[in-house]
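S.K.: following is a predicted model, sequence given first.
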Amino acid sequence: NNMAIYATVESGNVKEKFTRHTAFELNGLKYSRNIWSLWSESDLKTAGCFTVVETDTNYKDPAFYTNTNPIYTYDASAKTVTRTYGTATALDLDTIKDREKSIVKMDAHNLLQQTDWEVIKAKELGESVNSDTTTYRASVRTKANAMETAITNASDMAAMLTLFTRNGSGVRPIGDLPTS
(Lines give C-alpha, C1' and ligand atoms only; values in the text may rest on other atoms or scores of the structure.)
Protein backbone atom coordinates (compact mmCIF):
# COMPACT_ATOMS: atom_id res chain seq x y z
CA ASN A 1 0.00 0.00 0.00
CA ASN A 2 1.88 3.07 -1.27
CA MET A 3 -0.94 5.59 -0.87
CA ALA A 4 -0.26 8.05 1.92
CA ILE A 5 -2.77 8.33 4.74
CA TYR A 6 -3.42 11.69 6.38
CA ALA A 7 -4.90 12.36 9.80
CA THR A 8 -6.17 15.31 11.78
CA VAL A 9 -5.71 15.52 15.54
CA GLU A 10 -7.97 17.49 17.86
CA SER A 11 -7.57 17.64 21.67
CA GLY A 12 -4.87 14.98 21.53
CA ASN A 13 -7.01 12.44 19.64
CA VAL A 14 -7.05 11.34 16.01
CA LYS A 15 -10.22 12.90 14.60
CA GLU A 16 -10.25 12.03 10.89
CA LYS A 17 -8.23 9.95 8.44
CA PHE A 18 -8.20 10.27 4.66
CA THR A 19 -6.17 8.98 1.71
CA ARG A 20 -6.23 12.13 -0.39
CA HIS A 21 -5.83 15.82 0.21
CA THR A 22 -9.29 16.90 1.25
CA ALA A 23 -10.95 19.87 2.93
CA PHE A 24 -11.70 19.40 6.62
CA GLU A 25 -12.79 21.12 9.82
CA LEU A 26 -10.56 21.12 12.88
CA ASN A 27 -10.90 22.96 16.20
CA GLY A 28 -13.81 24.95 14.76
CA LEU A 29 -11.85 26.14 11.71
CA LYS A 30 -12.51 25.10 8.10
CA TYR A 31 -9.47 24.30 5.95
CA SER A 32 -9.43 23.91 2.16
CA ARG A 33 -7.74 20.90 0.59
CA ASN A 34 -4.90 22.97 -0.87
CA ILE A 35 -3.28 23.55 2.55
CA TRP A 36 -1.79 20.03 2.23
CA SER A 37 0.36 21.18 -0.67
CA LEU A 38 0.79 24.87 0.23
CA TRP A 39 1.78 24.63 3.91
CA SER A 40 5.06 23.30 5.27
CA GLU A 41 4.99 20.03 7.21
CA SER A 42 5.78 22.00 10.36
CA ASP A 43 2.79 24.34 9.83
CA LEU A 44 0.52 21.39 9.09
CA LYS A 45 1.59 19.64 12.30
CA THR A 46 1.04 22.83 14.32
CA ALA A 47 -2.51 22.98 12.93
CA GLY A 48 -3.03 19.29 13.79
CA CYS A 49 -2.53 17.71 10.35
CA PHE A 50 -0.23 14.72 9.95
CA THR A 51 0.97 12.21 7.39
CA VAL A 52 0.38 8.85 9.07
CA VAL A 53 3.41 6.65 9.81
CA GLU A 54 2.26 3.20 8.68
CA THR A 55 3.49 0.27 10.77
CA ASP A 56 2.30 -3.00 9.27
CA THR A 57 4.27 -5.37 11.53
CA ASN A 58 1.18 -7.35 12.61
CA TYR A 59 -0.64 -7.09 9.27
CA LYS A 60 -0.83 -10.47 7.51
CA ASP A 61 -2.03 -11.72 4.13
CA PRO A 62 -5.84 -11.41 4.24
CA ALA A 63 -6.14 -14.56 2.09
CA PHE A 64 -4.91 -16.50 5.14
CA TYR A 65 -5.63 -14.24 8.15
CA THR A 66 -8.25 -11.90 9.60
CA ASN A 67 -6.54 -8.64 10.52
CA THR A 68 -7.76 -6.28 13.21
CA ASN A 69 -9.00 -2.85 12.20
CA PRO A 70 -6.10 -0.39 12.04
CA ILE A 71 -5.35 1.51 15.25
CA TYR A 72 -4.33 5.18 14.88
CA THR A 73 -2.31 6.68 17.73
CA TYR A 74 -1.20 10.27 18.25
CA ASP A 75 2.14 10.81 20.01
CA ALA A 76 2.24 14.44 21.18
CA SER A 77 5.95 14.46 22.06
CA ALA A 78 7.05 12.94 18.73
CA LYS A 79 4.36 14.89 16.85
CA THR A 80 3.35 11.78 14.88
CA VAL A 81 0.26 9.73 14.09
CA THR A 82 1.01 6.02 13.70
CA ARG A 83 -1.13 3.26 12.24
CA THR A 84 -0.68 -0.19 13.78
CA TYR A 85 -2.61 -3.46 13.77
CA GLY A 86 -3.46 -5.86 16.57
CA THR A 87 -2.64 -9.56 16.35
CA ALA A 88 -4.04 -11.19 13.20
CA THR A 89 -6.10 -14.37 13.55
CA ALA A 90 -5.46 -17.29 11.19
CA LEU A 91 -8.47 -18.35 9.14
CA ASP A 92 -9.64 -21.96 9.46
CA LEU A 93 -6.78 -24.13 8.17
CA ASP A 94 -8.97 -26.85 6.62
CA THR A 95 -11.06 -24.24 4.80
CA ILE A 96 -7.90 -22.62 3.39
CA LYS A 97 -6.46 -26.02 2.40
CA ASP A 98 -9.69 -26.90 0.56
CA ARG A 99 -9.70 -23.51 -1.20
CA GLU A 100 -6.05 -23.74 -2.27
CA LYS A 101 -6.43 -27.35 -3.50
CA SER A 102 -9.50 -26.28 -5.51
CA ILE A 103 -7.43 -23.51 -7.12
CA VAL A 104 -4.67 -26.00 -8.05
CA LYS A 105 -7.27 -28.40 -9.54
CA MET A 106 -8.91 -25.58 -11.53
CA ASP A 107 -5.55 -24.27 -12.81
CA ALA A 108 -4.46 -27.79 -13.83
CA HIS A 109 -7.84 -28.36 -15.53
CA ASN A 110 -7.47 -25.10 -17.48
CA LEU A 111 -3.94 -26.03 -18.60
CA LEU A 112 -4.98 -29.55 -19.67
CA GLN A 113 -8.04 -28.19 -21.49
CA GLN A 114 -5.72 -26.40 -23.95
CA THR A 115 -4.53 -29.75 -25.33
CA ASP A 116 -7.75 -31.78 -24.87
CA TRP A 117 -8.55 -31.34 -28.58
CA GLU A 118 -5.31 -33.15 -29.53
CA VAL A 119 -6.20 -36.11 -27.30
CA ILE A 120 -9.80 -36.23 -28.60
CA LYS A 121 -8.71 -36.00 -32.25
CA ALA A 122 -6.16 -38.79 -31.80
CA LYS A 123 -8.74 -41.02 -30.08
CA GLU A 124 -11.35 -40.38 -32.78
CA LEU A 125 -8.90 -41.12 -35.59
CA GLY A 126 -7.25 -44.05 -33.82
CA GLU A 127 -3.92 -42.20 -33.87
CA SER A 128 -1.44 -41.71 -31.08
CA VAL A 129 -1.11 -38.41 -29.22
CA ASN A 130 2.09 -36.43 -29.84
CA SER A 131 4.61 -37.48 -27.16
CA ASP A 132 5.40 -33.82 -26.26
CA THR A 133 1.70 -33.39 -25.45
CA THR A 134 1.43 -36.55 -23.35
CA THR A 135 4.66 -35.69 -21.51
CA TYR A 136 3.40 -32.17 -20.78
CA ARG A 137 -0.02 -33.40 -19.64
CA ALA A 138 1.61 -35.92 -17.31
CA SER A 139 3.87 -33.19 -15.87
CA VAL A 140 0.84 -30.98 -15.14
CA ARG A 141 -0.92 -33.85 -13.33
CA THR A 142 2.23 -34.84 -11.40
CA LYS A 143 2.92 -31.26 -10.29
CA ALA A 144 -0.74 -30.65 -9.36
CA ASN A 145 -0.74 -33.82 -7.23
CA ALA A 146 2.52 -32.76 -5.53
CA MET A 147 1.10 -29.29 -4.84
CA GLU A 148 -2.08 -30.75 -3.34
CA THR A 149 0.01 -33.07 -1.13
CA ALA A 150 2.12 -30.13 0.08
CA ILE A 151 -1.06 -28.21 0.93
CA THR A 152 -2.55 -31.22 2.74
CA ASN A 153 0.67 -31.68 4.74
CA ALA A 154 0.97 -28.04 5.90
CA SER A 155 0.89 -28.30 9.71
CA ASP A 156 -0.39 -24.79 10.42
CA MET A 157 -1.18 -21.46 8.77
CA ALA A 158 2.45 -20.28 8.96
CA ALA A 159 3.54 -23.41 7.05
CA MET A 160 0.70 -22.84 4.58
CA LEU A 161 1.76 -19.23 3.99
CA THR A 162 5.39 -20.28 3.52
CA LEU A 163 4.35 -22.60 0.67
CA PHE A 164 2.97 -19.65 -1.29
CA THR A 165 5.57 -16.98 -0.46
CA ARG A 166 7.79 -16.14 -3.44
CA ASN A 167 11.47 -15.36 -2.92
CA GLY A 168 13.37 -12.55 -4.66
CA SER A 169 13.57 -14.67 -7.83
CA GLY A 170 9.82 -15.22 -7.89
CA VAL A 171 10.08 -18.85 -6.80
CA ARG A 172 7.81 -20.26 -4.11
CA PRO A 173 8.31 -23.53 -2.18
CA ILE A 174 5.13 -25.08 -3.58
CA GLY A 175 6.28 -24.27 -7.11
CA ASP A 176 4.02 -23.56 -10.06
CA LEU A 177 2.25 -25.72 -12.60
CA PRO A 178 4.18 -26.14 -15.86
CA THR A 179 2.81 -23.99 -18.66
CA SER A 180 4.52 -25.63 -21.63
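M.R.: Arrived safely, thanks for sending.

S.K.: pretty sure Thr8 sits against Asn27.
M.R.: No - judged on CB atoms under 8 Å, Thr8 makes no contact with Asn27 at a distance of 9.2 Å. C-beta here means a position set from N, CA and C on the backbone, and glycine is covered the same way.

S.K.: which one of the two has more residues nearby?
M.R.: Applying other CB atoms under 10 Å to Thr8 and Asn27 shows that Thr8 carries more neighbours, namely 22 against 11.

S.K.: quick check: that one is in a strand.
M.R.: Yes - secondary structure of Thr8 (DSSP: H, G, I helix; E, B strand; the rest coil): part of a strand.

S.K.: for the residue nearest to the spatial centre of the chain, what are its contacts?
M.R.: For the chain, the residue sitting closest to the mean C-alpha position, by CA atoms, centre = their mean, is Asp61 at 5.1 Å. The neighbours of Asp61, taking CB atoms under 8 Å, 6 or more residues apart in numbering as the test, are Leu161.

S.K.: so which helix or strand takes in it?
M.R.: Using DSSP states H and E, Asp61 sits within no helix or strand.

S.K.: repeat for Arg83
M.R.: Using DSSP H and E, Arg83 falls within strand 80-84.

S.K.: could you do Gln114 as well?
M.R.: For Gln114, the element it lies in under DSSP H and E is helix 93-125.

S.K.: hmm, back to that, could you measure from the residue nearest to the centre of the chain over to Arg141?
M.R.: Asp61 sits 28 Å away from Arg141, going by CB to CB, to the nearest Å.

S.K.: next: Glu10.
M.R.: For Glu10, the distance to Arg141 (CB to CB) stands at 62 Å.

S.K.: mind listing the helices for the chain?
M.R.: Taking DSSP state H as the test, the helices found in the chain are 35-38, 41-47, 93-125, 131-153, 157-164.

S.K.: next up, the contacts around the residue of the chain positioned farthest from its centre.
M.R.: Ranked by distance from the centre of the chain (CA atoms, centre = their mean), the top residue is Gly126, with 48.3 Å. If you count contacts by CB under 8 Å, 6+ apart, Gly126 has none.

S.K.: hang on, Thr22 packs against Arg33?
M.R.: Yes - taking CB under 8 Å as the definition, Thr22 is a contact partner of Arg33 at 5.1 Å.

S.K.: report the beta-bridge partners for the closest residue to Tyr72 other than its chain neighbours.
M.R.: Of all residues not flanking Tyr72 in the chain, Val14 sits nearest, at 4.3 Å (CB to CB, 6 or more residues apart in numbering). Here Val14 sits in beta bridges with Val9, as judged by DSSP bridges.
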